[in-house]
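Student: Predicted model and sequence follow; I will ask about them next.
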Amino acid sequence: MEQALIDQTLERIRAALETGQVDEAITALTSLHPADQAEAYTELEPKDQAEVLPRLDAEEAAELLEQLPDEEAAEAATILAPDRLADVLGEMDPDDAADVLGDLSPEQAANVIAQMDEAQKEDVVPLLAYEDDTAGGLMTPDFPHLRRQWTCQQAIDYLRQLHPDTESPYYLYVIDRNGKLIGVVGLRDLIIADPNTFVEQIMRQDVMSVRVGTDQEEVARQFSKYSLLAMPVVDVEGRLVGVIHNDDIVEVIEEEAAEDLYRLSNVSSDGDLQVFSPVKMAVQKRLPWLLINLGTAFLAASVISFFEPTIAAATVLAAFPSIVAGQGGNAGTQTLAMMVRGLAVGEIEFMDAWRAMLREAGIGILHGLIVGVCVAVGAYLWKGIPVLGLVIGLAMIGNMIAAGVAGTLVPLTLKSLKLDPALASAVMVTTVTDCVGFGLFLGLATLFLPYLK
């Protein structure tokens, strides 16, 4: 339903722009929900985008930029003059405004910052010092905070005067005279408390927080684990410097999931690689891993070359190594996906390696027995050689065990070495299952060669 509405609105926008009715096009665009506006905007031709965006008022343009992906928001920002962009950023949340500035060239960002008023600079510029993928890069410094010595009535009067936006007031953080985070008060608790009660009497002191340099994946994990709506961010001395809201974390979870998916598929996750990304970008991101896979394929092929005399003596063997290696690769990928997910959500640590490895090895034995028997029976019915079924069945069991062990140990080892377990695990695990699968099958075939001729 939403897509149909977007398509209809796009037709209205394009028709209006073709006849020079820019105001009509803007009216059609702004009739949509901001998220749908962003989708419709990205469907427009660059010349149409350049026609529409500068004619939006600052608040409308700010809502649009907040809904666009980072790279597209930065590209849209370059359409606007520095003074106009400064006005638009002033209507955005400081963290979103900092994201846009951070994606501009240093010269462009400097020109825009020069057009900002002092209050805007105080909120936005400090955020540029933090990496985008850290808590400091996600937080907003614009949030209400309470003092422990205030009464509940004073706190409510403060909130009324401040008019905080709808994101902020569910959790109200309490600081001491040095700005250090010492507690949290729920908005409901504040409202129902006696007006003369002091804030420190109703606040919870066991407030959870993260440091400014905490990686966004760890922040997302804590949001998910503790079902939070917001997370306070503190500096190294414990001073409250910002708050991360759950809507920012939803974007992080999507980014991290896409990143892990790309990496498990051996695709570089740097940049927004999509189905219709430019061919040059697609080749740059995907080709390096194909070349690495080519190298591991030669390694697996070298294992087969050791057994050329065996294959020459019993040519029936040539049809089966890929079955053993392929099934092992599938099993290894299953284990690997579970391990990478477990590491991402904090479900497993390196200290759990032996327990996890033994468990996966046991599962590998069961899988190997069941699949191995099926393959053995199939091989016997196909070729009529009983010993061939035994060889391939035993090789399948051994490779399934190797798949479980490799799928467990490889990502855990990479994690312990401070490397991304999703980046190279797939290549390493499939290399193990290919080499072990070929080696086991052909090695056993060599042992039983007199019975295979």
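Tutor: Ah, there it is. This one's a predicted model, so the numbers in the text were calculated from it and none came from an experiment.
Student: Quick check: residue 184 is in a strand.
Tutor: Yes: the assignment for residue 184 by DSSP: H, G, I helix; E, B strand; the rest coil puts it in a strand.
Student: which SS state does the nearest residue to it once chain neighbours are set aside fall under?
Tutor: With C-beta to C-beta, 6 or more residues apart in numbering as the criterion, residue 184 has its nearest non-adjacent residue at 4.2 Å, and that residue is residue 207. All C-beta spots, glycine's among them, are computed from the backbone N, C-alpha and C. For residue 207, the assignment made with three-state DSSP gives coil.
Student: Could you do residue 419 as well?
Tutor: coil.
Student: Name the helix or strand for residue 40, please.
Tutor: Taking DSSP states H and E as the definition, residue 40 sits inside helix 34-43.
Student: got it, and residue 250?
Tutor: In this structure, residue 250 is located in helix 246-264 according to DSSP H and E.
Student: picking up where we left off before, pLDDT value on the residue nearest to residue 184, please?
Tutor: Confidence at residue 207, expressed as pLDDT, is 89.
Student: distance of it from residue 229?
Tutor: 13 Å (C-beta to C-beta, to the nearest Å).
Student: Same question for residue 20.
Tutor: Looking at residue 20 against residue 229, where the rule is C-beta to C-beta, the gap reads 47 Å.
Student: Could you do residue 398 as well?
Tutor: Counting by C-beta to C-beta, the gap between residue 398 and residue 229 amounts to 50 Å.
Student: who has more neighbours, those two?
Tutor: residue 398 (23 against 12; other C-beta atoms under 10 Å).
Student: Does that one touch residue 438 like I think?
Tutor: No: counting by C-beta atoms under 8 Å, residue 438 is not a contact partner of residue 398; they are 11.5 Å apart.
Student: Residue 11: how many residues sit nearby?
Tutor: Once other C-beta under 10 Å is used to define contacts, residue 11 is seen to have 11 neighbours.
Student: Mind listing residues that contact stretch 366-379?
Tutor: Here stretch 366-379 makes contact (C-beta atoms under 8 Å, 6 or more residues apart in numbering) with 320, 323-324, 327, 331, 385, 388-390, 392-401.
Student: Also stretch 126-136?
Tutor: When contacts are taken as C-beta under 8 Å, 6+ apart, the neighbours of stretch 126-136 outside the stretch itself are 70, 94-95, 98-99, 101-102, 109, 137, 139, 141, 210-217, 219, 231, 233, 241-242, 244.
Student: give me every residue that touches residue 146.
Tutor: Applying C-beta under 8 Å, 6+ apart, the residues near residue 146 are 155, 158, 172, 173, 174, 175, 185, 199, 203.
Student: Sort out for me which of these are in strands.
Tutor: Assignment to strands by DSSP state E places the following of the contacts of residue 146 there: 172, 173, 174, 175, 185.
Student: which of the residues you listed count as buried?
Tutor: The neighbour-count test (16 or more other C-beta atoms under 10 Å) applied to the ones in strands among the contacts of residue 146 identifies 172, 173, 174, 175, 185 as buried.
Student: Tell me which two of those residues sit farthest apart.
Tutor: Pairwise distances across those (C-beta to C-beta) peak at 11.6 Å, for the pair 175 and 185.
Student: what's the weakest-modelled helix or strand in this protein?
Tutor: helix 246-264 (a mean of 68; mean pLDDT, DSSP states H and E).
Student: related to what we said a few turns ago, in terms of contact, does the residue nearest to residue 184 touch residue 180 like I think?
Tutor: No: if you go by C-beta under 8 Å, residue 207 and residue 180 don't touch, sitting 11.2 Å apart.
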